[in-house]
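Participant: Next one to model:
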Amino acid sequence: MALARRLHLPLLRIRSILPVSISAVAAVQSVPTPDLADRRYHLREHQVAADNVVSGHLPDHARQERHLCDGIAPSLGISYNAAWRLKHKLMQVMLERDQNKPLSGFIEIDDAYLDGERSGGKVGRGAEGKTPFLAAVQTTDQSQPVKIKLTVIKGFRSDELLEWSRRHLTPDSTVISDGLACFNAVTEAGCEHDRIVCGGGRASVEEPELHWVNTILGNLKSALRGTYHAVRPKYAQRYLSEFEYRFNRRFNLVNLLPRLIYVALRTPPMPEKLLKIGLV
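Facilitator: Residues are numbered from 1 along each chain as shown. Presented below is the predicted three-dimensional model:
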């Protein structure tokens, strides 16, 4: 209720919170799509994917997302620590909501990193201070994006890819990749693997068969770089899941916020101690 009042949702009523099952009725009229993260960060920007792939690095600042929570705190009349908890609890809800929804059909996949840039250090795969993650995009027969999956992994190894494939891919799907050796593990999960060997670099970015996964990665890095000072590795999965949650619901923005509140009421509580443990 406190969250509903602060976001000015009309006619939101919680009928019962004491029984074992929590029932809620949300009659929402002309609900706007306010931002849950940053006042400068608009949900509608996720509705249309950009055609240009933007590459870049996330600076390694010690004070993560400080300007973000400093912006939320006065808007809601709460402290910085309370704003941080609110932000991460909402991202945790998004993470848990989509983590058991596998992709199917035609799927573009690529390896990527959240960069902890270090002056003079190694770039690309194997560089220190980077968080490896998998990006996958389910597309239609007309090569239009449907939904995405962004998952932090320990490394680009066959055993990691096999475990990821069994959990996040539906058998008999067709996986398209740039030919990285570990991606062959998808075949052990019952998927067909279409390898597009393009040599990496700009050639892979311009490959039409991998257009959408590269576009999503460009949009993701631009969104993170433009909103946060840095993304700490132990919280990286939450930030990726937030982007994934918003993207997968871009066709129904009116119901995005009411549905988020609905599932938040049914997500197990997570105190600050658990929030700060992280996910890796």
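
Participant: only C-alpha atoms for contact and neighbour calcs from this point on.
Facilitator: Will do.

Participant: Which stretches in this structure count as strands?
Facilitator: Along the chain, the segments classed as strands by DSSP state E run 12-16, 23-26, 106-114, 131-139, 145-152, 174-177, 192-195.

Participant: nearest to Ala83, of those strands?
Facilitator: Evaluated with CA to CA, the strands of the chain place strand 12-16 nearest to Ala83, the distance being 22.0 Å.

Participant: returning to what we had before: how about the strands of the chain in JSON lines, adding distance to Trp212?
Facilitator: Listed next are the strands of the chain as JSON lines, based on distance: least, CA to CA, whole Å:
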{"stretch": "strand 12-16", "distance to Trp212": "38"}
{"stretch": "strand 23-26", "distance to Trp212": "35"}
{"stretch": "strand 106-114", "distance to Trp212": "7"}
{"stretch": "strand 131-139", "distance to Trp212": "7"}
{"stretch": "strand 145-152", "distance to Trp212": "7"}
{"stretch": "strand 174-177", "distance to Trp212": "11"}
{"stretch": "strand 192-195", "distance to Trp212": "16"}
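
Participant: Could you find the closest non-adjacent residue to Ala181?
Facilitator: Spatially, and ignoring its direct neighbours in sequence, Ala181 is nearest to Ser158 (7.8 Å; CA to CA, 6 or more residues apart in numbering).

Participant: Sorry, wrong one. I was asking about His211.
Facilitator: Val205 is the one closest to His211 (CA to CA, 6+ apart), at 6.9 Å.

Participant: is it true that that neighbour touches Ile216?
Facilitator: No: if you go by CA atoms under 8 Å, Val205 and Ile216 don't touch, sitting 11.3 Å apart.

Participant: So those two - more neighbours on which side?
Facilitator: Ile216 (25 against 19; other CA atoms under 10 Å).

Participant: need the contact list for Arg157.
Facilitator: Arg157 sits next to Cys182 when contact means CA atoms under 8 Å, 6 or more residues apart in numbering.

Participant: so where do the helices sit in the stretch 101-250 of the chain?
Facilitator: 158-168, 202-205, 211-227, 236-248 (DSSP state H, counting those that start in this stretch).

Participant: Rounded mean pLDDT for the first one, please.
Facilitator: What it means is helix 158-168. Mean pLDDT, helix 158-168: 96.

Participant: Can you dump the C-alpha atoms of it in PDB for me?
Facilitator: In PDB, the C-alpha atoms belonging to helix 158-168 read as follows (Å, rounded to 0.1, in the frame of the first residue of the first chain):
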ATOM      1  CA  SER A 158      30.800 -26.200 -22.400                       C
ATOM      2  CA  ASP A 159      29.600 -27.300 -19.000                       C
ATOM      3  CA  GLU A 160      28.200 -23.900 -18.200                       C
ATOM      4  CA  LEU A 161      26.500 -23.600 -21.600                       C
ATOM      5  CA  LEU A 162      25.000 -27.100 -21.200                       C
ATOM      6  CA  GLU A 163      23.500 -26.300 -17.800                       C
ATOM      7  CA  TRP A 164      22.200 -22.900 -19.100                       C
ATOM      8  CA  SER A 165      20.700 -24.600 -22.200                       C
ATOM      9  CA  ARG A 166      18.800 -27.200 -20.200                       C
ATOM     10  CA  ARG A 167      17.300 -24.500 -18.000                       C
ATOM     11  CA  HIS A 168      16.600 -21.700 -20.400                       C
END
